[in-house]
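# got a sequence here, can you build the structure:
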Amino acid sequence: MLAAFSQIAPNAFAQNKKSFRELEALALSNSQNFAEHIQKQIETDKRLSTVRWQYLPQFSASYRHITDDLFLTDDFLNTRSSLSLRLSQDLVKLFKIRPAAIEQAKVESEFAKTQLMLAQAYIIQEFRNAYINTLILKTEALHYKKSDDIYAKILTIKSKQYNSSETLLPQVLEVETKKLKYKSQFEYSSRQLENQKSGLAAFLNIYEDLILWDEPNMVIPKLDLTYLIKKADKSNLEILKQKYQSRAAAARANRAAYEDLKFELFAGIRYRSDDLLLNSSSPEVGAQLSFPFFYPWLKRAKKARFTAQKNSAIQASHTAASQTETKVRALYDEFMFLKSQQKVAGKQVELRKENLRIETSHDQNRKDDENILRLKAALAEAHFESKIAKYEYLQAYYKLLYISGMSSTQKILNDKKHLGSNFHKALWVWQAEEIITTKNTMADFINFCAKNHITQIYLSLNNKVISREKFEYWLGLFISQLHEQNIKVSALTGDPNWVFPKKQKNMQAIIKTVAEYNQQATRNKKIDAIHFDIEPQALKSWASDNKSALMNALSASLITARSIMDEYQLNMPMECDIPYFFYKTDARALEEIIQIADETVIMAYQTTNAEKLTKSVLPILELCKKFGKKMTVGIDPGDFSDKKEIQLFSQYLNKTLERITNFKGLAFHDYKNYKRLLHN
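Prediction:
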């Protein structure tokens, strides 16, 4: 039975299991409610398309047969007939009713789309809640089993002591009671866990063995209450429902005011024949105006009725907004409380660990005595409470996302106003083999990127990373987690010797590896771009050789790289690092490099003087603008003394260069330097 509560399967099996994010997609695909909302959206879109054509000009044909006799006979001498063909347009319908009808159909379509998004959010929220509840039950079962084992050992010790002294009976009974309690709790949690797992697997329409029962690996950003209230006001279903009803009532009021009025213009041609078989035709034009005798009264009555509905909906939306704000505030308070509880629980674990370490350090032979076992039980309890606090904190966060009309952290990260950062921030990462090692090291890196608003990383794919066992699995897992935080990933590679054609074999091999990886990777695990850091200026011969020739050789190597990418069908942007002094070395050769690459990154490491740096990169930025290419300015955090200095420096560059449309943002060289500076 313990197999049911064992830890996650080894990586060899984990690759076939569905992750938390993949299960969210399954939850949507298996939801009947979601499918119904999709169908409803399709129907409202069709209705909107129909309404757009409904009140445009109409073609009509009419035929009249007139006879002087009451009965038709074979004698047609006393008959006349006419055929009229007309093109008519009701101007009231065109200019008054049609716009109101389109607005009403638009409201219905928008509301259907909103319902679809909110249905999606609701389904995901229900799945997340059920999934985390399963993890809580799993944690409980493991904890109760572990505690049962510990108290079984304590009971054995106490029973031996009781054989020597019967006065210890109360203590034996106390330990046995605790053991029985943990055993019964374990059995109950085990049954609940099995039911929860099988129920969730049935809902997802997937075998239980294919579900990866692991806690979601995510970064929870700092949340602002005012921001959440504003998002809820825009996205809460009840508020939106009343707002849409208000708009629909206003549209119906405008439409109803003119429904009984008709003013039609027509033009056409009439064919006539009489009893003498004389045929003739003539054009005809005309106008027709009609309205009920009590039209002004009807107009006011209808408009007043729908206006009352509109005002009622507006009032209801205000009430719903007030109620939603109260809910958001309550959930936010709960979220902040659980956040503090999680921290307290974490500190308790550290204290229990330290207490156990101190006790065991005195005597290594005491590992299984009663006091040490009780300390282990206390540590297990602290771990249990810490994990439960973490899950409850995560559930509160998901509830806040849901009521605020958001289904993922990415929506918060996409909101630049909330982040307080409007600019692109990239990061060179040369330590891939150290970061892509365990889930913890990857989580630490992603947490750093999210907190510091990194939007792209240049990830070094050297031979150590590529040759690593299960390289594709670990890289895919890492990239998918970065994409969840809205962070793009470029494959960083390069060697100064690649400017020489005979030394480009490794370049071809790496491009091939990236292409083969992307071909087998799912969409959220694909590499976004390839980033070349060739740097011919690093060659020993740079000082003595023809610098222009080496820059031209760099252009040629980039052209070769592009052709290799085409050969392997690697359709992605090509980025290239160049030093700031290339412009002064050979501006014409630099133009060639800029034209070949999709994006240029200027390594402007020469100064911490923002004005001087701006002057040095402006000519290159103008060249990029000339050829319609994006440019990022790279700076070295190692040149700065503290966090505040680099922040002011970055703000100056961003505000000064943003006026040039091709300026993309800043890049920091590299992860270790930037992390060290921020921590200092």
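# could you list the low-pLDDT ranges of the stretch 151-300 of the chain?
Counting by pLDDT under 70, the stretch 151-300 of the chain has low-confidence residues at 217-219, 274-278.
# cutoff 80 now
Residue ranges of the stretch 151-300 of the chain with pLDDT under 80: 161-168, 214-224, 226, 233-243, 252-257, 259-260, 272-281, 293-295, 298-299.
# all helices for it, in order.
Secondary structure of the stretch 151-300 of the chain (DSSP state H, counting those that start in this stretch): helices at 169-204, 225-235, 237-256, 295-362.
# just so I know, which of these lies nearest S84?
Ranking those by proximity to S84 (C-beta to C-beta) places helix 295-362 first, at 28.4 Å. The way it works is simple: take the backbone N, C-alpha and C, and place the C-beta from them, glycine included.
# so which elements touch the closest one?
helix 225-235, helix 237-256, helix 370-403 (3 or more C-beta pairs under 8 Å, 6 or more residues apart in numbering; DSSP states H and E).
# name the residues of the second one that are buried.
Neighbour-count burial for helix 237-256 flags 237, 239-256 (criterion: 16 or more other C-beta atoms under 10 Å).
# in the stretch 1-150 of the chain, which spans are helices?
Using DSSP H, counting those that start in this stretch, helices in the stretch 1-150 of the chain cover 11-14, 20-29, 32-54, 91-92, 98-164.
# okay if I get those as CSV plus mean neighbour count?
CSV is the format used below for the helices of the stretch 1-150 of the chain (neighbours: other C-beta atoms under 10 Å):
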stretch, mean neighbour count
helix 11-14, 12
helix 20-29, 18
helix 32-54, 14
helix 91-92, 16
helix 98-164, 19
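# got those as CSV, with distance to E370 columns?
Formatted as CSV, the helices of the stretch 1-150 of the chain follow (distance: least, C-beta to C-beta, whole Å):
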stretch, distance to E370
helix 11-14, 39
helix 20-29, 41
helix 32-54, 56
helix 91-92, 94
helix 98-164, 5
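# among these, which is nearest L666?
Nearest to L666 among the helices of the stretch 1-150 of the chain is helix 20-29; the distance by C-beta to C-beta comes to 29.8 Å.
# what's next to that closest one, contact-wise?
When contacts are defined by C-beta atoms under 8 Å, 6 or more residues apart in numbering, helix 20-29 is touched by residues 18, 34, 120, 123-124, 126-128, 131, 203-206, 211-212, 214, 216-217, 480, 484, 524.
# only C-alpha atoms, please: export it in PDB.
Extracted as PDB, the C-alpha positions of helix 20-29 are listed here (Å, rounded to 0.1, in the frame of the first residue of the first chain):
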ATOM      1  CA  PHE A  20       0.400  20.000 -13.900                       C
ATOM      2  CA  ARG A  21       0.200  22.300 -16.900                       C
ATOM      3  CA  GLU A  22      -0.600  19.500 -19.300                       C
ATOM      4  CA  LEU A  23      -3.300  18.300 -16.900                       C
ATOM      5  CA  GLU A  24      -4.900  21.800 -17.000                       C
ATOM      6  CA  ALA A  25      -5.200  21.500 -20.700                       C
ATOM      7  CA  LEU A  26      -6.800  18.100 -20.400                       C
ATOM      8  CA  ALA A  27      -9.300  19.500 -17.900                       C
ATOM      9  CA  LEU A  28     -10.400  22.000 -20.400                       C
ATOM     10  CA  SER A  29     -10.600  19.500 -23.300                       C
END
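# please verify my assumption that I527 contacts S490.
Yes. In this structure, I527 is within contact of S490 by C-beta atoms under 8 Å, at 7.2 Å.
# tell me which of those two has more neighbours.
Of the pair I527 and S490, S490 is the one with more neighbours under other C-beta atoms under 10 Å, namely 25 against 22.
# that one: which element?
Using DSSP states H and E, S490 sits in strand 488-493.
# strand partners (parallel or antiparallel) of that strand?
When sheet partners are counted by DSSP bridges, strand 488-493 sits next to strand 456-460 (parallel), strand 529-532 (parallel).
# tell me which of the helices of the stretch 151-300 of the chain is the most buried.
helix 237-256 (a mean of 20; mean count of other C-beta atoms under 10 Å).
# what's the angle between that one and helix 370-403?
10 degrees (axes from the mean of the first three to the mean of the last three C-alpha atoms, to 10 degrees).
# picking up where we left off before, of the helices and strands packed on helix 295-362, which is nearest I150?
helix 370-403 (4.7 Å).
# end-to-end on stretch 531-549?
22 Å (C-alpha to C-alpha, to the nearest Å).
# any chance you could map the strands in the stretch 501-650 of the chain?
Applying DSSP state E, counting those that start in this stretch to the stretch 501-650 of the chain gives strands spanning 529-532, 574-579, 599-603, 630-635.
# for the second one, what is the average pLDDT?
In this model, strand 574-579 carries a mean pLDDT of 95.
# what lines up beside it in the sheet?
When DSSP bridges is applied, strand 574-579 pairs with strand 529-532 (parallel), strand 599-603 (parallel).
# need the winner for burial among those.
With neighbours defined as mean count of other C-beta under 10 Å, the strands paired with strand 574-579 peak in mean count at strand 529-532, which reaches a mean of 25.
# picking that back up, need the strands of the stretch 501-650 of the chain in JSON lines with distance to H453, can you?
Conversion of those to JSON lines gives the following (distance: least, C-beta to C-beta, whole Å):
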{"stretch": "strand 529-532", "distance to H453": "19"}
{"stretch": "strand 574-579", "distance to H453": "20"}
{"stretch": "strand 599-603", "distance to H453": "18"}
{"stretch": "strand 630-635", "distance to H453": "15"}
